[in-house]
Each structure stands twice: as C-alpha cells, then as structure tokens.
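model this:
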Amino acid sequence: MSVTGTRPAPRDNSARPSPNPAPARPDALPEAVVLDWPIGTGTGWQVFGLNLALELARDGRVMPLLLEPADTASLHPLHRHALAVPLAQQAELHNLLRAAGHAGIQTDYPVLRALGNGFQGNAAGRRLTSERDLGVIFFEDTALTAEALAAARALSAIIAGSAWNGAVLRAAGLPAVHVIPQGIDPAVFHPAPRGGLFGERFVVFAGGKLEYRKGQDLVVAGFREFASRHPDALLMTAWHNPWPQTMVGLDSAGHVRGLPGVDTHGRLALEPWLAANGIRPETVLDLGALPNHQMAQTIREADVGLFPNRCEGGTNLVAMETMACGIPAILSANTGHLDLLAEPDAATPLTRQQPVRGRCPLYRGTEGWGESDVAEIVERLEEAYRDRRTSRERGERGARCMHRVWTWQQRTAEILALLAC
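Below you'll find the predicted structure:
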C-alpha cells in the first residue's frame, strides 16, 4: 500500500498579489516528508518536531506528515491552526495503519526517523516503510555496537544533532553523515524587559530533565557554595523529568546524597531533596513542567543560566533558548556544548573538564564526556554576580548569535536542502 499525501487547496489571491510569493518547489524536493515521532511541547523531541512541522508548513514546498498523534492539548492555538492540515492527515494515516494491521504500509515519501542511543528508534515507525529513511539522531552513549552500526548503514542519510555526534559517527566509518543542530524560535525566545518579579535577587536558572548526564548534582554543589556567600541568590530550576528512572547515578559522583522522590502526580519532590543537600527552601524556585512556549518569559527573569552538563548529544535546547533570551549562559566545554561555544564570547565556558566521576548504568561509552570543576562553577557565578554589565553584554552577544545562525527556519532550510539531494 502506498501513502500519498494531499496538499491544501490554494487560496484565491488574484485580487491582492502577495508581496512574498511562495517559492517554487524544485523537482528534486518531495511533495511531503513523514516525521515518525510525536510533536508537542513537553519534551525536546516534541519541540523539535513541532518547530520542524511549523517551518515546513510555513515554507509551503514540502508537506509535513505526522506518523504519531500530536500532543494537541499542549499546542498553542496558533500552532494548531497552522498545522490543521497535517493534524487532520495524521488521523487518516492512523486509520490506514490500523487497517493494515501488522503488515504495515509503504510510503513513497522520505521518512525522518527519530533515533537515540544505539540507533534505537520509534517502534511504531517500523510499520511504515520507505525507500528513503533519514535518521535524525541525538546520542550520548559512544559505545556503538555492531547492531547499531548495521542499523545506521541501512539509512539513506544520517542527520546528527551536533558536531560531536557527527565526528563520533564518521570516526566509526559511517557515510552520509550531515550535522544539522536544533534551532530556536526568535518570535518566542528573544531579549525583552524583565518583569522584576524577584526584586533585587540574583537569579540562577538551571534547566533540563534531572539526570546524571545533565549534571544537576554539579549545579547543586556549585550553587550551595555560591549561596552561602550571597543570601540574595535564588536557584530557579526547570528539572521536571517524565522518566524518573533515568535519574539513576545522579548521586554517584559524590556531590549530592540520594535522589528526589516522586509524588502521585509524577512531580519531583525537589525542595526536600535540595534541603537535605544544603540548599534552603527559600533559595529555590522549582518551576515543574512548563510548556515550551511559556519558558521565555520565565527565563528572562534570570541573571545567568548554568549548564555544567556532562554530555549533550545535541546542542542543549534549553541552553540555546536561554542564550536567545539574552541571558548569559555558563556552559561546560564538552560534547554538543562546543558548538554553542564556537562563537567567541557568546557564552562562558567551563574549561576545566576532567573524565567524568561516578557512573550511570544507562551509558556504556562516555568518551568525550566531561566533568566540570565545582570551584570553576563558583568562580564563573561570582564573576557574573560582581560584573553584571559585562555579563549582560555577553548575554546580548549570545542572543545575536542565536538569532543570526541558530533559528528553526535556518535549520529547516538545511533539512530541505538534504531532502532535495
């Protein structure tokens, strides 16, 4: 069975010519491309898929087809409107797959496959086959097994989420590897006046799901020391983790004791855990889970962003969005963060990188990972606290960098160029 997409009927604009007519679609471009993962606002993958679908719909040359149901409840009404056709077609595709049963269906269109460690992908996507599979991969585990490499070689092309990911894959002898990082939405993430909701407090923002490789234990250790010197310091966290089992190993490096509990609603009990690790409740604000389009207003209340991550297979979407808002970011100089640090003085690097301490059983290979130095974290926070003018100027440079070369529009153009090959 062949899946053929439909395109919305063109509107009659003859009475008022458009000043920006839609670009012609080169013959090499497919009419549609299938995304095999769900879109939404709750996870990095969902945000990536949502923005890619929005940019494809806005560009108008290649229709995004959605294999999985979208998290429509989390979508902004404007986004639901812009994606009305792909959302409706997803229901049609779902019905086709249900009718086909275990046999699955064949599509004439290229499929973008969401892949992670070991080139593991979406099981539901296996029911849709295509002659042109493009793997989109963000991975942290550098132990590439024979099975993973075989799966990689079966792909028409591989889109790696960072230069580090691309280098690891090329070193493993994989062909057709293209580095295309994620982007930011400049309409949402941009510098703007602060609301002043925290008065004169010095706010440190730390985001990313709570787990060993994200290095929140290093944030706790660094902020604990910093806050002991500065009573006006506030740690604002966006550490919600919908998969709490991935927190294993967070306490193995010796910076924190134990792991936070999880309540009946799946929310992490961060404040008691932080208090047990020497951070007073009045110095913490836990944001919980916020939709992506609500994050910018929150991030802009911070004075600095702190990301001592041990590893990023991609380029750390939360850090990118922090920089895009004009907030100076402190980044560990390893793995995917190196792409963000390539722009001179757009962010502050944590350069004292050592082999990682502790161990997380979720990862077999950690070549290229880095353990940030807690003393350097405190030093960089102290610099931002003392010299706020210089810190703000660095934040402004980071925002200009993000808006110049790191937008979803630019990244989608790179994917379209690959689809045209």
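
can you give me the strands for the stretch 201-350 of the chain?
For the stretch 201-350 of the chain, strands defined by DSSP state E, counting those that start in this stretch occupy the ranges 202-207, 233-238, 284-286, 304-307, 329-332, 348-350.

tell me what the fourth one is packed against?
With contacts defined as 3 or more CB pairs under 8 Å, 6 or more residues apart in numbering; DSSP states H and E, strand 304-307 has these neighbours: strand 202-207, helix 216-229, helix 317-324, strand 329-332, helix 374-386. Placement of C-beta: from N, CA and C, glycine included.

Same check on the last one?
The helices and strands touching strand 348-350, judged by 3+ CB pairs under 8 Å, 6+ apart, are strand 329-332, helix 374-386.

just the second one next, same as before
If contacts are counted by 3+ CB pairs under 8 Å, 6+ apart, strand 233-238 sits against strand 202-207, helix 216-229, strand 284-286, helix 295-299.

change it to 7 Å
Applying 3 or more CB pairs under 7 Å, 6 or more residues apart in numbering; DSSP states H and E, we find strand 233-238 packed against strand 202-207, helix 216-229, strand 284-286.

which one of those lies closest to residue 401?
strand 202-207 (18.4 Å; CB to CB).

helices or strands next to that closest one in the packing?
By 3+ CB pairs under 7 Å, 6+ apart, strand 202-207 packs against helix 216-229, strand 233-238, strand 304-307.

Switch the strands of the stretch 201-350 of the chain over to TSV; also include mean pLDDT.
Shown next, in TSV, are the strands of the stretch 201-350 of the chain (pLDDT from 0 to 100):
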stretch	mean pLDDT
strand 202-207	98
strand 233-238	98
strand 284-286	96
strand 304-307	98
strand 329-332	98
strand 348-350	98
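
which one of these lies closest to residue 171?
strand 329-332 (21.6 Å).

Quickly compare the helices and strands packed on strand 304-307 and say which is most buried.
Highest mean neighbour count of the helices and strands packed on strand 304-307: strand 329-332, a mean of 30 (counted as mean count of other CB atoms under 10 Å).

can you list contacts of that strand?
Contacts with strand 329-332, where a contact means CB atoms under 7 Å, 6 or more residues apart in numbering, come from 215, 304-309, 319, 322-323, 337, 340-341, 347-350, 353, 370, 372, 380, 398.

repeat that with 6 Å
305-309, 319, 322-323, 337, 347-348, 350, 370, 372, 380 (CB atoms under 6 Å, 6 or more residues apart in numbering).

Quick one: low-confidence residue ranges for the stretch 51-200 of the chain.
Residue ranges of the stretch 51-200 of the chain with pLDDT under 70: none are present.

do that again at 90, thanks
Scanning the stretch 51-200 of the chain with the threshold set as pLDDT under 90 gives 71-74, 93-95, 97-98, 100-104, 123-126.

Do you know the pLDDT at the nearest residue to residue 299 once chain neighbours are set aside?
For residue 299, ignoring the flanking residues on the chain, the nearest one in space by CB to CB, 6 or more residues apart in numbering is residue 325 at 4.8 Å. pLDDT, residue 325: 98.

Now do the helices in the protein.
44-59, 77-82, 84-100, 146-153, 163-171, 216-229, 270-276, 295-299, 317-324, 337-341, 374-386, 388-405, 408-419 (DSSP state H).

Distance to residue 386 added to the strands of the stretch 201-350 of the chain, as CSV?
Putting the strands of the stretch 201-350 of the chain into CSV (distance: least, CB to CB, whole Å) gives the following:
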stretch, distance to residue 386
strand 202-207, 10
strand 233-238, 13
strand 284-286, 23
strand 304-307, 12
strand 329-332, 14
strand 348-350, 13
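
Among the helices and strands packed on strand 304-307, which comes closest to residue 42?
Using CB to CB, those put helix 317-324 closest to residue 42, at 12.6 Å.

Helix 388-405 and that closest one, what's the angle between them?
Orientation of helix 317-324 against helix 388-405 (axes from the mean of the first three to the mean of the last three CA atoms, to 10 degrees) gives an angle of 110 degrees.

how far does helix 317-324 sit from the chain's center?
The chain centre lies 9 Å from the centre of helix 317-324; the measure is CA atoms, centre = their mean, to the nearest Å.

Then stretch 72-88?
Per CA atoms, centre = their mean, the centroid offset for stretch 72-88 relative to its chain is 20 Å.

again with stretch 387-398
With CA atoms, centre = their mean, you get 24 Å for stretch 387-398.

Now it: average pLDDT?
On average, stretch 387-398 scores 97.

Okay, buried residues for that stretch please.
Buried residues in stretch 387-398, counted by 16 or more other CB atoms under 10 Å: 391-392, 394-395, 397-398.

Over to stretch 45-60?
Buried residues in stretch 45-60, defined by neighbour count with 16+ other CB under 10 Å: 45-57, 59.

what's the distance between residue 133 and residue 179?
Separation of residue 133 from residue 179 (CB to CB, to the nearest Å): 18 Å.

ah, wrong one, I meant residue 160
Here residue 160 is placed at a distance of 5 Å from residue 179 (CB to CB).

can you check residue 328 too?
26 Å.

More neighbours: the two, which one.
Taking other CB atoms under 10 Å, residue 328 and residue 179 do not tie; residue 328 has more neighbours (27 against 18).

circling back: with distance to residue 137 as extra columns, can I get the buried residues of stretch 45-60 in JSON lines?
Formatted as JSON lines, those follow (distance: CB to CB, whole Å):
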{"residue": "45", "distance to residue 137": "11"}
{"residue": "46", "distance to residue 137": "16"}
{"residue": "47", "distance to residue 137": "17"}
{"residue": "48", "distance to residue 137": "12"}
{"residue": "49", "distance to residue 137": "14"}
{"residue": "50", "distance to residue 137": "19"}
{"residue": "51", "distance to residue 137": "18"}
{"residue": "52", "distance to residue 137": "15"}
{"residue": "53", "distance to residue 137": "19"}
{"residue": "54", "distance to residue 137": "22"}
{"residue": "55", "distance to residue 137": "20"}
{"residue": "56", "distance to residue 137": "20"}
{"residue": "57", "distance to residue 137": "24"}
{"residue": "59", "distance to residue 137": "23"}
